[in-house]
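J.: Compute the structure for the input listed below.
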Amino acid sequence: MAKAIRFNQTGGPEVLQWESVTVGTPGPGEVRITHHAVGLNFADTYFRTGLYPAPLPNGMGVEAAGVVDEIGPGVTSVAVGDRVTYTGSPLGAYSTERIMPAEHLIALPDGVDFDTAAAMTMRGLTTAYLLRRIWPLQAGDTVLLHAAAGGVGLIFTQWAKLLGLRVIGTVSTEEKAAVARAHGCDEIILYRDEDVASRVRELTDGAGAAVVYDSIGATTYQSSLASVARRGLLVCFGTASGPIPPIDAMQLAIHGSVFVTRPALADYIADPAERDELATELFGHVAAGRITIEINQRYELADAVQAHRDLESGRSVGSSVFTLT
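T.: Residues are numbered from 1 along each chain as shown. Down below sits the predicted model:
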């Protein structure tokens, strides 16, 4: 019988339960997938805690890679035996098998294995829209990236270097600094020891960063705002430390007519054509070795409680996956 991680109430990692589930037969527009690897993302904790509301009880997870076992009526975009990956709703990726809307599936190239796909579909597509859709970046621009040694951070830095950008990254430890540097980060700020905004100004001769990419949220918003160059952009794309405060429009003027956006991946992959364009570029870089996906934590799916504890502790480096055999 299929197994899955589910939760009946919001709370800490302990609310995650390993259960037997009945998968059933795909309906119109749906497919049944056997998972080979499942992605572990910080956003998963938002659903678990209730920061992102979800009906209960529910499954957990939004990213996985596997093989199509059965297709429902009207499905023409994939066939039985196809290798696929996905990221997005509905919840339920933490499972050995599941039913999934066919429209959400992305064909997996032969050059990308299941573990790699599960470790990078969400993070890679996030990086893709951050670098290729939001701002007209030019070679030579300086950007500031928080959590530079994280799953998005390591992909982002490698891709940014392909575009000719200068990357200033923030990390918590010297160990993470070494990882970020190895993936192309030009300058490192140890945010626990240094004032981020002051250091950014020093590294940019007072100008600031053309774009600041902030996935941390509450604790970094003010320093991020103070790090943006005149008429630059602050991209708040995550809330690892909590939601950003209400935006004071006058502060944007005071800091140099700064732009602020709070984007969501779902809005950049809602159009299948745009999603496939971003995925093709991403998978092309990975398959060719121009971007390396670092999987530094692997877990059994039944160990989701410990995986969430590790993720929230800040001990994780690079990407994490649940492996299924």
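
J.: quick one: contacts of the helix or strand residue 99 falls within?
T.: Element membership for residue 99 (DSSP states H and E) is strand 97-101. Contacts with strand 97-101, where a contact means C-beta atoms under 8 Å, 6 or more residues apart in numbering, come from 2, 4, 23-24, 26-27, 29-35, 59, 69, 86, 90, 92. The C-beta positions use only the backbone N, C-alpha and C, and glycine is treated the same way.

J.: any weak-confidence spans in the stretch 201-325 of the chain?
T.: Scanning the stretch 201-325 of the chain for pLDDT under 70 picks out 325.

J.: got a list of contacts for the helix or strand where residue 189 lies?
T.: Here residue 189, judged by DSSP H and E, is contained in strand 187-190. Strand 187-190 is contacted by residues 148, 166-174, 177, 180-181, 196, 199-200, 203 when judged by C-beta under 8 Å, 6+ apart.

J.: can you rerun that using 7 Å?
T.: Residues from elsewhere that reach strand 187-190, judged by C-beta atoms under 7 Å, 6 or more residues apart in numbering: 168-171, 177, 180-181, 196, 199, 203.

J.: Could you do stretch 200-216 as well?
T.: 130, 135, 137, 141-147, 152, 168, 187, 220-221, 224, 227-229, 232-238, 240-241.

J.: picking that back up, beyond the strand holding residue 99, next helix or strand please.
T.: Assigned by DSSP H and E, the successor of strand 97-101 is strand 106-107.

J.: now for that following strand, which elements pack on it?
T.: strand 83-87 (3 or more C-beta pairs under 7 Å, 6 or more residues apart in numbering; DSSP states H and E).

J.: Report the mean confidence score over the strand it packs on.
T.: The pLDDT scores in strand 83-87 average 97.

J.: ok, and for it, which residues are buried?
T.: By 16 or more other C-beta atoms under 10 Å, the buried positions in strand 83-87 come out as 83-87.

J.: In the record's domain split, what are the boundaries for this protein?
T.: Per automatic domain parsing, the structural domains of the chain span 2-122+283-323, 135-262.

J.: So residue 20, which state does it fall into?
T.: Secondary structure, DSSP: H, G, I helix; E, B strand; the rest coil: residue 20 is strand.

J.: if we can go back for a sec, filter the contacts of strand 97-101 down to the buried ones.
T.: The neighbour count (16+ other C-beta under 10 Å) marks 2, 4, 23, 26, 30-35, 59, 86, 92 as buried among the contacts of strand 97-101.

J.: Quick one: classify the residue nearest to residue 256 when sequence neighbours are not counted as helix, strand or coil.
T.: Spatial nearest neighbour of residue 256, chain neighbours left out: residue 230 (3.6 Å); criterion: C-beta to C-beta, 6 or more residues apart in numbering. At residue 230 the chain is in strand, as set by three-state DSSP.

J.: Residue 230 is in contact with residue 255, isn't it?
T.: No - between residue 230 and residue 255 there is no contact under C-beta atoms under 7 Å: 8.4 Å.

J.: To residue 272, which of the domains of the chain lies closest?
T.: Closest approach to residue 272 among the domains of the chain is made by domain 2-122+283-323 (6.8 Å; C-beta to C-beta).

J.: now the end-to-end length of that closest one.
T.: This stretch, domain 2-122+283-323, spans 15 Å end to end (C-alpha to C-alpha, to the nearest Å).

J.: same question, stretch 104-116
T.: Using C-alpha to C-alpha, the end-to-end distance of stretch 104-116 comes to 18 Å.

J.: buried ones in that stretch?
T.: Buried-residue list, stretch 104-116, by 16+ other C-beta under 10 Å: 104-106, 108, 112, 114-116.

J.: go on, stretch 213-224?
T.: Under the neighbour-count criterion of 16+ other C-beta under 10 Å, stretch 213-224 has 213-217, 220-221, 223-224 buried.

J.: Send me stretch 253-270 as PDB with only the CA atoms.
T.: Extracted C-alpha coordinates of stretch 253-270, given in PDB (Å, rounded to 0.1, in the frame of the first residue of the first chain):
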ATOM      1  CA  ALA A 253      11.700  57.500  -1.200                       C
ATOM      2  CA  ILE A 254      14.100  58.100   1.700                       C
ATOM      3  CA  HIS A 255      16.200  55.200   0.700                       C
ATOM      4  CA  GLY A 256      16.500  56.400  -2.900                       C
ATOM      5  CA  SER A 257      13.200  55.900  -4.700                       C
ATOM      6  CA  VAL A 258      13.500  52.100  -4.200                       C
ATOM      7  CA  PHE A 259      11.200  49.600  -5.700                       C
ATOM      8  CA  VAL A 260       9.900  46.600  -3.700                       C
ATOM      9  CA  THR A 261       8.200  43.400  -4.900                       C
ATOM     10  CA  ARG A 262       6.900  40.400  -3.100                       C
ATOM     11  CA  PRO A 263       6.700  37.700  -5.900                       C
ATOM     12  CA  ALA A 264       5.500  34.100  -5.700                       C
ATOM     13  CA  LEU A 265       6.700  31.300  -7.900                       C
ATOM     14  CA  ALA A 266       3.200  30.300  -8.800                       C
ATOM     15  CA  ASP A 267       2.600  33.500 -10.700                       C
ATOM     16  CA  TYR A 268       5.700  32.900 -12.900                       C
ATOM     17  CA  ILE A 269       4.800  29.300 -13.800                       C
ATOM     18  CA  ALA A 270       1.100  29.700 -14.100                       C
END
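
J.: No further questions, thank you.
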